[in-house]
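Peer 1: From the sequence below, what's the structure:
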Amino acid sequence: MFSESIYINKNLKNKLDSSDMDVDFLPAPQKKTMSHESCHRFSKLLLTSFIILLLLLKILFSVALLTLFKQHTQLPDEKAITKELNYTDLECTKQHLLSKDKVWSCCPKDWKPFSSHCYFPTIDTASWRESEEKCSSMGAHLMVIHSQEEQDFITKILDPKAAYYIGLLDPGHRQWRWVDQTPYNESATFWHPSEPNNDKNNEKCVVVNHPSSSWGWNDIPCSSKENSVCQMKKIYL
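Peer 2: Residues are numbered from 1 along each chain as shown. Model prediction:
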(Lines give C-alpha, C1' and ligand atoms only; values in the text may rest on other atoms or scores of the structure.)
Protein backbone atom coordinates (compact mmCIF):
# COMPACT_ATOMS: atom_id res chain seq x y z
CA MET A 1 0.00 0.00 0.00
CA PHE A 2 2.78 2.39 0.87
CA SER A 3 4.60 1.63 -2.33
CA GLU A 4 1.48 2.43 -4.37
CA SER A 5 1.15 5.78 -2.64
CA ILE A 6 4.68 6.68 -3.53
CA TYR A 7 4.10 5.69 -7.11
CA ILE A 8 0.98 7.81 -7.30
CA ASN A 9 2.73 10.83 -5.80
CA LYS A 10 5.60 10.38 -8.15
CA ASN A 11 3.32 10.27 -11.11
CA LEU A 12 1.47 13.35 -9.83
CA LYS A 13 4.76 15.22 -9.47
CA ASN A 14 5.78 14.25 -12.98
CA LYS A 15 2.46 15.54 -14.31
CA LEU A 16 2.86 18.82 -12.43
CA ASP A 17 6.39 19.20 -13.71
CA SER A 18 5.11 18.51 -17.20
CA SER A 19 2.38 21.13 -16.72
CA ASP A 20 4.96 23.68 -15.58
CA MET A 21 6.94 23.14 -18.74
CA ASP A 22 3.86 23.64 -20.85
CA VAL A 23 3.07 26.92 -19.06
CA ASP A 24 6.57 28.18 -19.79
CA PHE A 25 5.94 27.86 -23.52
CA LEU A 26 2.45 29.50 -23.61
CA PRO A 27 3.63 33.06 -24.53
CA ALA A 28 4.67 31.90 -28.03
CA PRO A 29 1.19 32.44 -29.58
CA GLN A 30 1.10 35.97 -28.02
CA LYS A 31 4.25 36.94 -29.95
CA LYS A 32 2.55 35.88 -33.14
CA THR A 33 -0.46 38.12 -32.30
CA MET A 34 1.76 41.16 -31.63
CA SER A 35 3.55 40.66 -34.94
CA HIS A 36 0.19 40.58 -36.73
CA GLU A 37 -0.91 43.86 -35.08
CA SER A 38 2.34 45.58 -36.10
CA CYS A 39 1.84 44.50 -39.68
CA HIS A 40 -1.73 45.82 -39.61
CA ARG A 41 -0.58 49.22 -38.28
CA PHE A 42 2.12 49.49 -40.94
CA SER A 43 -0.45 48.77 -43.65
CA LYS A 44 -2.72 51.54 -42.35
CA LEU A 45 0.22 54.00 -42.23
CA LEU A 46 1.24 53.09 -45.76
CA LEU A 47 -2.32 53.58 -47.04
CA THR A 48 -2.61 56.98 -45.29
CA SER A 49 0.70 58.13 -46.79
CA PHE A 50 -0.43 57.06 -50.25
CA ILE A 51 -3.70 59.02 -49.91
CA ILE A 52 -1.82 62.16 -48.77
CA LEU A 53 0.55 61.83 -51.73
CA LEU A 54 -2.39 61.60 -54.13
CA LEU A 55 -3.96 64.73 -52.61
CA LEU A 56 -0.69 66.67 -52.96
CA LEU A 57 -0.36 65.62 -56.60
CA LYS A 58 -3.95 66.69 -57.25
CA ILE A 59 -3.30 70.13 -55.69
CA LEU A 60 -0.12 70.63 -57.74
CA PHE A 61 -1.92 69.61 -60.92
CA SER A 62 -4.78 72.05 -60.18
CA VAL A 63 -2.33 74.93 -59.58
CA ALA A 64 -0.54 74.17 -62.85
CA LEU A 65 -3.83 74.15 -64.78
CA LEU A 66 -4.93 77.43 -63.17
CA THR A 67 -1.64 79.13 -64.08
CA LEU A 68 -1.87 77.91 -67.66
CA PHE A 69 -5.49 79.08 -67.90
CA LYS A 70 -4.59 82.59 -66.69
CA GLN A 71 -1.78 82.85 -69.22
CA HIS A 72 -4.08 81.98 -72.12
CA THR A 73 -7.00 84.13 -70.93
CA GLN A 74 -5.10 87.35 -70.28
CA LEU A 75 -7.43 90.34 -70.67
CA PRO A 76 -6.99 92.58 -73.75
CA ASP A 77 -6.30 95.60 -71.51
CA GLU A 78 -3.52 93.73 -69.77
CA LYS A 79 -1.99 92.77 -73.10
CA ALA A 80 -2.09 96.40 -74.22
CA ILE A 81 -0.38 97.51 -71.03
CA THR A 82 2.29 94.86 -71.48
CA LYS A 83 2.91 96.12 -75.01
CA GLU A 84 3.22 99.70 -73.76
CA LEU A 85 5.73 98.81 -71.07
CA ASN A 86 8.63 98.90 -73.53
CA TYR A 87 10.41 101.59 -71.56
CA THR A 88 13.43 101.44 -69.29
CA ASP A 89 11.83 103.70 -66.65
CA LEU A 90 8.39 104.76 -65.53
CA GLU A 91 7.53 107.82 -63.46
CA CYS A 92 4.49 107.17 -61.26
CA THR A 93 2.28 109.11 -58.89
CA LYS A 94 -0.16 107.68 -56.35
CA GLN A 95 -3.82 108.05 -57.24
CA HIS A 96 -7.01 107.86 -55.17
CA LEU A 97 -8.99 105.53 -57.39
CA LEU A 98 -12.06 103.37 -56.79
CA SER A 99 -10.11 100.34 -57.94
CA LYS A 100 -8.09 99.06 -54.97
CA ASP A 101 -5.66 97.00 -57.01
CA LYS A 102 -4.41 99.86 -59.23
CA VAL A 103 -3.31 102.93 -57.29
CA TRP A 104 -0.34 104.22 -59.31
CA SER A 105 -0.63 106.19 -62.57
CA CYS A 106 2.54 106.11 -64.64
CA CYS A 107 4.07 107.72 -67.69
CA PRO A 108 7.32 106.74 -69.41
CA LYS A 109 10.31 108.79 -68.33
CA ASP A 110 10.49 112.21 -70.08
CA TRP A 111 6.77 112.10 -70.95
CA LYS A 112 4.50 114.78 -69.46
CA PRO A 113 1.40 113.66 -67.52
CA PHE A 114 -1.93 115.45 -67.80
CA SER A 115 -5.36 114.11 -66.83
CA SER A 116 -5.47 110.47 -67.97
CA HIS A 117 -2.79 110.77 -70.66
CA CYS A 118 0.96 111.16 -71.19
CA TYR A 119 2.49 113.54 -73.77
CA PHE A 120 5.85 113.60 -75.50
CA PRO A 121 6.96 116.57 -77.66
CA THR A 122 9.56 115.45 -80.19
CA ILE A 123 12.72 117.43 -80.94
CA ASP A 124 13.34 116.03 -84.43
CA THR A 125 11.30 116.94 -87.51
CA ALA A 126 9.43 114.66 -89.92
CA SER A 127 6.38 114.58 -92.19
CA TRP A 128 2.93 114.01 -90.69
CA ARG A 129 2.89 110.34 -91.72
CA GLU A 130 6.40 109.72 -90.39
CA SER A 131 5.51 111.47 -87.15
CA GLU A 132 2.42 109.31 -86.65
CA GLU A 133 4.46 106.16 -87.34
CA LYS A 134 7.04 107.20 -84.76
CA CYS A 135 4.33 107.75 -82.15
CA SER A 136 2.78 104.39 -83.01
CA SER A 137 6.14 102.65 -82.49
CA MET A 138 6.05 103.93 -78.89
CA GLY A 139 2.50 102.67 -78.25
CA ALA A 140 1.04 106.15 -78.79
CA HIS A 141 -0.48 108.38 -81.49
CA LEU A 142 -0.29 112.04 -82.47
CA MET A 143 -1.92 114.30 -79.91
CA VAL A 144 -5.70 114.74 -79.85
CA ILE A 145 -7.13 117.97 -78.36
CA HIS A 146 -10.75 118.21 -77.20
CA SER A 147 -10.70 120.99 -74.61
CA GLN A 148 -9.23 124.37 -73.71
CA GLU A 149 -7.48 122.70 -70.76
CA GLU A 150 -5.63 120.31 -73.06
CA GLN A 151 -4.71 123.14 -75.42
CA ASP A 152 -3.39 125.29 -72.55
CA PHE A 153 -1.45 122.41 -71.01
CA ILE A 154 0.41 121.40 -74.14
CA THR A 155 1.27 124.92 -75.30
CA LYS A 156 2.98 125.62 -71.96
CA ILE A 157 5.58 122.92 -72.62
CA LEU A 158 6.19 123.59 -76.34
CA ASP A 159 8.84 125.71 -77.99
CA PRO A 160 7.20 128.84 -79.52
CA LYS A 161 9.78 128.78 -82.33
CA ALA A 162 8.64 125.36 -83.57
CA ALA A 163 5.46 123.91 -85.06
CA TYR A 164 4.08 120.57 -83.82
CA TYR A 165 1.94 118.09 -85.71
CA ILE A 166 -1.23 116.94 -83.94
CA GLY A 167 -3.46 114.00 -84.82
CA LEU A 168 -5.92 115.92 -87.01
CA LEU A 169 -6.17 115.08 -90.71
CA ASP A 170 -8.33 115.95 -93.70
CA PRO A 171 -8.72 112.82 -95.86
CA GLY A 172 -10.77 114.90 -98.34
CA HIS A 173 -13.62 117.41 -98.72
CA ARG A 174 -12.57 119.22 -95.51
CA GLN A 175 -13.89 116.40 -93.34
CA TRP A 176 -11.51 116.66 -90.40
CA ARG A 177 -10.79 113.46 -88.49
CA TRP A 178 -8.83 112.62 -85.36
CA VAL A 179 -6.41 109.69 -85.50
CA ASP A 180 -8.07 108.02 -82.48
CA GLN A 181 -11.47 108.10 -84.26
CA THR A 182 -13.03 110.46 -81.70
CA PRO A 183 -15.52 112.98 -83.17
CA TYR A 184 -14.28 116.30 -84.51
CA ASN A 185 -16.10 119.02 -82.55
CA GLU A 186 -16.21 122.47 -84.20
CA SER A 187 -16.90 124.11 -80.84
CA ALA A 188 -13.66 122.72 -79.38
CA THR A 189 -11.17 123.87 -82.02
CA PHE A 190 -8.38 126.41 -81.73
CA TRP A 191 -7.67 127.61 -85.26
CA HIS A 192 -5.72 130.77 -85.90
CA PRO A 193 -7.80 133.55 -87.51
CA SER A 194 -8.53 132.75 -91.18
CA GLU A 195 -7.55 129.12 -90.67
CA PRO A 196 -7.95 126.51 -91.98
CA ASN A 197 -7.52 128.05 -95.41
CA ASN A 198 -6.33 125.01 -97.42
CA ASP A 199 -3.84 127.12 -99.34
CA LYS A 200 -3.37 125.78 -102.88
CA ASN A 201 -5.72 122.93 -101.98
CA ASN A 202 -2.74 121.11 -100.48
CA GLU A 203 -3.05 121.59 -96.72
CA LYS A 204 -4.49 118.41 -95.23
CA CYS A 205 -2.59 118.19 -91.92
CA VAL A 206 -2.55 120.36 -88.80
CA VAL A 207 0.13 121.83 -86.54
CA VAL A 208 0.02 123.76 -83.28
CA ASN A 209 2.24 126.82 -83.64
CA HIS A 210 2.90 130.30 -82.28
CA PRO A 211 3.53 132.52 -85.32
CA SER A 212 2.91 135.86 -83.64
CA SER A 213 1.06 136.59 -80.40
CA SER A 214 -0.69 133.34 -79.48
CA TRP A 215 -0.81 129.59 -79.93
CA GLY A 216 -3.29 128.09 -82.37
CA TRP A 217 -3.89 125.56 -85.13
CA ASN A 218 -2.81 125.89 -88.72
CA ASP A 219 -3.35 123.56 -91.68
CA ILE A 220 -0.21 122.80 -93.72
CA PRO A 221 0.98 120.29 -96.35
CA CYS A 222 1.44 116.84 -94.81
CA SER A 223 4.90 116.53 -96.38
CA SER A 224 6.24 119.50 -94.42
CA LYS A 225 8.98 118.58 -91.92
CA GLU A 226 7.82 119.61 -88.43
CA ASN A 227 8.04 118.58 -84.80
CA SER A 228 5.16 116.63 -83.27
CA VAL A 229 3.48 115.68 -79.98
CA CYS A 230 2.78 112.02 -79.16
CA GLN A 231 0.01 111.01 -76.77
CA MET A 232 -0.74 107.77 -74.94
CA LYS A 233 -2.98 106.66 -72.08
CA LYS A 234 -1.47 106.53 -68.62
CA ILE A 235 -0.37 103.13 -67.34
CA TYR A 236 -2.10 102.13 -64.10
CA LEU A 237 -0.39 99.76 -61.67
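
Peer 1: Helix or strand: which one has the spatially closest residue to W111 that is not a sequence neighbour?
Peer 2: Residue nearest to W111 in three dimensions, not counting chain neighbours: C118, with 4.1 Å by C-beta to C-beta, 6 or more residues apart in numbering. Where C-beta positions appear, they are placed from N, C-alpha and C, glycine not excepted. Following DSSP states H and E, one finds C118 within strand 117-121.

Peer 1: What is that strand packed up against?
Peer 2: Using 3 or more C-beta pairs under 8 Å, 6 or more residues apart in numbering; DSSP states H and E as the contact test, the elements touching strand 117-121 are strand 104-108, strand 112-114, helix 148-156, strand 227-233.

Peer 1: So which of the ones you listed is nearest D124?
Peer 2: Nearest to D124 among the helices and strands packed on strand 117-121 is strand 227-233; the distance by C-beta to C-beta comes to 7.4 Å.

Peer 1: count of residues packed around F61?
Peer 2: Residues lying near F61 (other C-beta atoms under 10 Å) number 10.

Peer 1: coming back round to it: I'd like to check the angle between the very next helix or strand once past the strand holding C118 and strand 117-121, please.
Peer 2: Per DSSP H and E, the first helix or strand lying C-terminal to strand 117-121 is helix 128-137. Angle, helix 128-137 to strand 117-121, by axes from the mean of the first three to the mean of the last three C-alpha atoms, to 10 degrees: 130 degrees.

Peer 1: Y165 - that's part of a strand, no?
Peer 2: Yes. According to DSSP: H, G, I helix; E, B strand; the rest coil, Y165 belongs to a strand.

Peer 1: ok, now how distant is it from K134?
Peer 2: Y165 sits 10 Å away from K134, going by C-beta to C-beta, to the nearest Å.

Peer 1: All good on my end, thank you.
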